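>>> return a 3D structure for these sequence lines:
(one chain, ligands or ions: 3)
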Amino acid sequence: MSDVVTITRPDDWHLHLRDGATMASVLPHTVHQFARAIVMPNLKPPVTTVALASAYRDRILAALPAGSDFEPLMVLYLTDNTPPDEIRKARDSGFVHAVKLYPAGATTNSDAGVTDLRNCYKTLEVLQETGMPFLVHGEVTDPAIDIFDREAVFIDRVMTPLRRDMPELKVVFEHITTKDAADYVMSSDGPTAATITAHHLLYNRNEIFKGGIRPHYYCLPVLKRETHRQALVAAAISGSDKFFLGTDSAPHAKGLKEHACGCAGCYTALHALELYAQAFDQAGALDKLEAFASFNGPAFYGLPRNQGRVTLRRENWTIPAELPMGDTTVVPLNSGETINWKMA
Ligand SMILES: NC(=O)N[C@@H](CC(=O)O)C(=O)O
Ligand SMILES: [Zn+2]
Ligand SMILES: [Zn+2]
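Ligands and ions are numbered 1, 2, ... in the order given. Below is the predicted model:
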């Protein structure tokens, strides 16, 4: 049993940094852990144009700790009306690396998202030509579909037709939570990949209800039953290069999580790599962590691997109860708990 793991500096392929004072508070955590991150565009208003992405990128760079070489990889938020030309501009920018699908109403700040993907086919054809990945929040929004089935139904209703119609499009099935999605990605022949969060590798849906309702374990897509968690772990440690690290760290103010209608999202930027180490360790597969965290993502995005290495040690430490965030606080996942890996 190894007590030390050293891997190539990793990246976070799915991250929410928010904006303004919130961003300034959370950014140092990610910068400490990762060399680059795919920065989600679900701001208010959303990052729908290259001009907005450029301005957002400048705000991130301005908020970086002194001396940091962290690189934010920007993403465009697709709407029903995104013109094909915006995708060409994105490719030419050099700093936009992907386009994101939020089905309208599926998750936090998705109101401006896509109502029907067929509205976007002209634009997606251009995206397919550019080779930039299409990042997909894969849940249907049909209220008649049980919340635990929304990802599986999305495969039949949206993913399969999309793959058939755009066979060359690079697609990342973001934050997968089911065996259905893991199997789909594993067996698809097109350029299809998936990100997996640390919390979906570690927890099943019981965690949300252990001893009472625990809002900090509520995220979208919601945690699923144990068989699904096991399938996600199997995919992550399989050695397949289709699966890579995306924390989906999604900060919300403490009062908006501990609320009658609490926001979806788990804050893990503080200790994400440690949580992944714990998940891989539990599965006896620490030797598979490096490819998942540091190789598979850049390969899919067509970017170089990072230089430099990071070291994790088996060491107990306690996650703080809360952390300052702008003029409020954020409660990290595992607050008050002891975890057993720590970055050096
Ligand atoms: N994952 C979440 O539960 N929340 C994310 C949105 C998202 O990634 O769907 C957020 O922006 O808060
Ligand atoms: Zn999402
Ligand atoms: Zn997200």
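
>>> and the stretch 51-200 of the chain, which residues reach ligand 2?
Within the stretch 51-200 of the chain, the positions near ligand 2 by C-beta under 5 Å from the ion are 107, 137. Every C-beta, even on glycine, is put in place using the N, C-alpha and C of the backbone.

>>> close to ligand 1: what parts of the stretch 51-200 of the chain are there?
Counting by C-beta under 6 Å from any ligand atom, the residues of the stretch 51-200 of the chain close to ligand 1 are 107-108, 137.

>>> any idea which residue of this structure lies closest to ligand 2?
His137 (3.7 Å; C-beta to the ion).

>>> one step back: by neighbour count, which of the residues of the stretch 51-200 of the chain next to ligand 1 wins?
Neighbours here mean other C-beta atoms under 10 Å. Within these, the largest count is held by His137, at 24 neighbours.

>>> Asp146 versus that residue, what's the distance?
18 Å (C-beta to C-beta, to the nearest Å).

>>> cool, and Val330?
Distance from Val330 to Asp146, by C-beta to C-beta: 30 Å.

>>> these two: which has the busier surroundings?
Using other C-beta under 10 Å, the more surrounded residue of Val330 and Asp146 is Val330, with 27 against 10.

>>> got the contact list for the more buried one?
Each residue near Val330 by C-beta atoms under 8 Å, 6 or more residues apart in numbering is listed here: 25-26, 251-254, 267, 322-323.

>>> which ones among those are found in strands?
Leu323 (DSSP state E).

>>> which of the contacts of Val330 lies closest to Ser188?
Nearest to Ser188 among the contacts of Val330, counting by C-beta to C-beta, is Tyr267 at 31.3 Å.

>>> my read: the closest one touches Lys254, true?
No. Using C-beta atoms under 8 Å, Tyr267 makes no contact with Lys254, being 9.8 Å away.

>>> looking at the two, which is more packed in?
Each of Tyr267 and Lys254 has its neighbours counted (other C-beta under 10 Å); Tyr267 has more, 28 against 20.

>>> could you pull out the strands in this protein for me?
Using DSSP E, strands in the chain cover 4-8, 12-15, 36-39, 71-77, 96-101, 134-136, 171-173, 192-196, 243-245, 309-318, 323-325, 328-330, 338-343.

>>> now tabulate those in TSV and tack on mean pLDDT.
Output for these, formatted as TSV (pLDDT from 0 to 100):
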stretch	mean pLDDT
strand 4-8	98
strand 12-15	99
strand 36-39	99
strand 71-77	99
strand 96-101	98
strand 134-136	98
strand 171-173	98
strand 192-196	99
strand 243-245	98
strand 309-318	98
strand 323-325	98
strand 328-330	98
strand 338-343	98
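
>>> rebuild these as TSV, extending it with distance to Ala62.
TSV is the format used below for the strands of the chain (distance: least, C-beta to C-beta, whole Å):
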stretch	distance to Ala62
strand 4-8	28
strand 12-15	18
strand 36-39	14
strand 71-77	11
strand 96-101	18
strand 134-136	25
strand 171-173	28
strand 192-196	27
strand 243-245	26
strand 309-318	25
strand 323-325	18
strand 328-330	21
strand 338-343	26
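
>>> could you pull out the helices for the stretch 1-150 of the chain?
In the stretch 1-150 of the chain, the helices defined using DSSP state H, counting those that start in this stretch lie at 20-33, 50-63, 84-93, 121-130, 150-154.

>>> I'd like to know which of those lies nearest to Arg164.
Using C-beta to C-beta, those put helix 121-130 closest to Arg164, at 12.2 Å.

>>> who touches the closest one?
Contacts for helix 121-130 (C-beta under 8 Å, 6+ apart): 78, 82-84, 86-88, 90-91, 99, 117, 134, 162, 165-166, 168-169.

>>> quick one: it to helix 84-93, angle?
Here helix 121-130 runs at an angle of 20 degrees relative to helix 84-93 (axes from the mean of the first three to the mean of the last three C-alpha atoms, to 10 degrees).

>>> please identify the buried residues of helix 121-130?
Buried residues in helix 121-130, counting neighbours by 16 or more other C-beta atoms under 10 Å, are found at 123-124, 126-128, 130.

>>> same check, this time on stretch 22-39
22-31, 33-39.

>>> again with stretch 96-110
Quick answer for stretch 96-110 (16+ other C-beta under 10 Å): 96-103, 106-110.

>>> would you put the C-alpha positions of that stretch in CSV?
In CSV, the C-alpha atoms belonging to stretch 96-110 read as follows (Å, rounded to 0.1, in the frame of the first residue of the first chain):
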residue,chain,number,x,y,z
VAL,A,96,-11.8,29.5,-26.2
HIS,A,97,-11.5,25.7,-26.1
ALA,A,98,-15.0,24.4,-26.0
VAL,A,99,-18.7,25.1,-26.4
LYS,A,100,-21.2,24.1,-23.7
LEU,A,101,-24.7,22.7,-23.9
TYR,A,102,-27.1,23.5,-21.1
PRO,A,103,-30.5,22.2,-21.8
ALA,A,104,-32.8,25.1,-20.9
GLY,A,105,-33.8,24.7,-17.2
ALA,A,106,-31.6,21.7,-16.5
THR,A,107,-29.3,23.3,-13.8
THR,A,108,-27.9,26.5,-12.3
ASN,A,109,-28.1,29.5,-14.7
SER,A,110,-29.4,27.4,-17.6
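
>>> how much space between Asp92 and ligand 1?
27 Å (C-beta to the nearest ligand atom, to the nearest Å).

>>> repeat that for Ala112.
For Ala112, the distance to ligand 1 - C-beta to the nearest ligand atom - is 13 Å.
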